[in-house]
Every structure is written in C-alpha cells, then in structure tokens.
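Student: What shape does this take:
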Amino acid sequence: MDNGFYAMLFRMKHINRWGIMHSLIPDKLSTHSLEVAFIAHSLALIGNRMFSKNYDCERIAVKAMYHDVPEIFTGDIPTPVKYYSEEMKSAYDAVESASIKKLMGMLPAELSEDYSRMFQQNADEHKLIKAADRISAYIKCREELRYGSNEFIDAGERLLNALANMRCEEADYFIDKFLPAFDLPIDSILK
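Tutor: Modelled structure (predicted):
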C-alpha cells in the first residue's frame with residue numbers, strides 16, 4: 001500500500017520478542033527499540049565525554065530506534081536460529097533487505113531516501129547500536145532472573161560474554177556505572 005510506512009511502524013507494538021523463551025515480563029519490539037535508542041544515545045555521549053570520541057549522538061539514537069524495523073515482517077528471530085549457520089545468516093540478511101525495500105516502497109519518493117539512510121550504519125554507529133542492543137537484551141535477562149525465570153540464565157551469560165568480546169569502552173563504562181541500578185527496587189533508586 002502506498003503511504004503505509006508509518007502504519008507499519010506502529011505494528012511494532014504487536015511483535016513479541018523472545019518467542020522461544022518462557023518470559024514472565026512481556027517484551028514488545030517497540031519497547032525494545034526505544035530502550036536501544038536510549039542506550040545507544042548514552043553510549044555515544046559516553047564516548048564523546050569520557051573517551052574523546054566525536055559521535056553524532058542524535059543520529060545514532062534515531063538509527064537505533066529503527067534497528068529492528070525489518071522485524072515487523074519477520075518477527076523476532078531468536079539469535080541461535082539467526083546465526084545457526086552462514087546460510088541461515090545470509091538468508092536472514094536477504095529477508096531483512098527485502099523488508100527494508102518493501103517499507104521504502106511505502107513512502108513517497110521525497111521521503112524514502114531520508115529513511116533509507118536510517119538503515120545504513122558506518123562501523124562506529126554499528127558497534128554502538130549493536131552494543132546497545134546487547135545491553136538491552138542483557139537487562140531483560142537480568143530482569144527475568146530477578147523475577148525467577150531461569151530460562152534466561154544462558155542467554156544472559158552469552159550476552160555478557162558477547163559484550164566483553166566487543167571491546168567497546170563505552171559499553172564497558174555503561175555496564176560498570178549504570179547497570180547495577182537496574183537490579184534495585186524503585187525506592188532504592190529514588191533515595
């Protein structure tokens with residue numbers, strides 16, 4: 001449909017994440033995307049202020065908001081499935097590209113070029129957005145574990161290892177300085 005781009009974006013609230021896991025707390029694609037944008041923005045700010053980088057913080061935040069938009073069509077494909085083999089990863093990349101192309105076709109030509117740039121990331125942007133995505137997922141794992149779902153033990157360990165292996169000083173700083181507060185009850189945070 002012509003001009004259906006925004007209507008499709010608003011379908012993100014219907015896409016469940018963690019489909020093969022027993023999740024106690026519902027997690028929707030729209031919520032996750034906003035959280036990744038918050039974290040990616042903070043990682044860029046941390047990079048600029050603490051590590052003398054020169055990131056465009058707002059641009060990274062907006063790109064992070066759009067990072068999982070293709071999942072409107074595919075749903076949330078579990079990481080072990082998506083990365084099972086090179087053939088699987090390649091097939092998923094092709095489906096993701098087709099999804100973006102389909103979405104761009106739902107915009108007037110005058111807007112499609114601007115939006116297509118939201119799906120293009122340079123190496124620095126990609127690293128920060130990927131780190132933010134993993135931090136968001138790791139926070140979800142910790143939250144589920146706090147509420148008694150052992151389903152997320154392995155995923156949490158895998159994510160923490162993946163974050164460490166990224167060697168992303170901005171992510172390391174965020175994890176060290178901000179992650180502990182996520183384990184506190186609201187009253188403790190507010191003190």
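Student: contacts, neighbours, all on C-alpha from now
Tutor: Will do.
Student: what about H41, how many residues close to it?
Tutor: Other residues lying near H41 total 25 when counted by other C-alpha atoms under 10 Å.
Student: separation between it and L190?
Tutor: 23 Å (C-alpha to C-alpha, to the nearest Å).
Student: swap in R142?
Tutor: Going from R142 to L190 by C-alpha to C-alpha gives 20 Å.
Student: Quick check: pLDDT value at the residue most central in space within the chain.
Tutor: Computing the C-alpha centroid of the chain and ranking residues by C-alpha atoms, centre = their mean puts D133 first, at 3.3 Å. pLDDT for D133: 97.
Student: cool, and S99?
Tutor: On pLDDT, S99 comes in at 91.
Student: Who are the contact partners of it?
Tutor: With contacts defined as C-alpha atoms under 8 Å, 6 or more residues apart in numbering, S99 is in contact with 70, 73.
Student: which secondary structure element contains it?
Tutor: Taking DSSP states H and E as the definition, S99 sits inside helix 86-104.
Student: now that helix: how far from the chain's centre is it?
Tutor: When distances are taken as C-alpha atoms, centre = their mean, to the nearest Å, helix 86-104 is centred 17 Å away from the chain's centroid.
Student: Name the residues of that helix that come out as buried.
Tutor: For helix 86-104, the neighbour count (16 or more other C-alpha atoms under 10 Å) marks 92, 95-96, 99-100, 103-104 as buried.
Student: ok, then the element right after the helix or strand hosting T31?
Tutor: In this structure, T31 sits in helix 29-50 according to DSSP H and E. Scanning forward in sequence from helix 29-50 by DSSP H and E, the next helix or strand is helix 57-65.
Student: Look up the closest residue to G75, ignoring the ones flanking it.
Tutor: I15 (6.1 Å; C-alpha to C-alpha, 6 or more residues apart in numbering).
Student: For H67, grab phi and psi.
Tutor: For H67, the backbone dihedrals are phi -60, psi -30 (criterion: degrees, to the nearest 10).
Student: looking at this protein, which helix or strand is least sure?
Tutor: Lowest on mean pLDDT, DSSP states H and E among the helices and strands of the chain sits helix 79-82, with a mean of 74.
Student: and the lengthiest helix in the chain, what other elements does it pack with?
Tutor: Across the chain, the longest stretch assigned as helix under DSSP state H is helix 123-146. Contacts defined by 3 or more C-alpha pairs under 8 Å, 6 or more residues apart in numbering; DSSP states H and E place helix 123-146 against helix 29-50, helix 57-65, helix 153-166, helix 169-177.
Student: Could you export these as a markdown table, including mean pLDDT and distance to R117?
Tutor: Below are the helices and strands packed on helix 123-146 laid out as a markdown table (pLDDT from 0 to 100; distance: least, C-alpha to C-alpha, whole Å):
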| stretch | mean pLDDT | distance to R117 |
| --- | --- | --- |
| helix 29-50 | 97 | 16 |
| helix 57-65 | 97 | 8 |
| helix 153-166 | 96 | 25 |
| helix 169-177 | 98 | 24 |
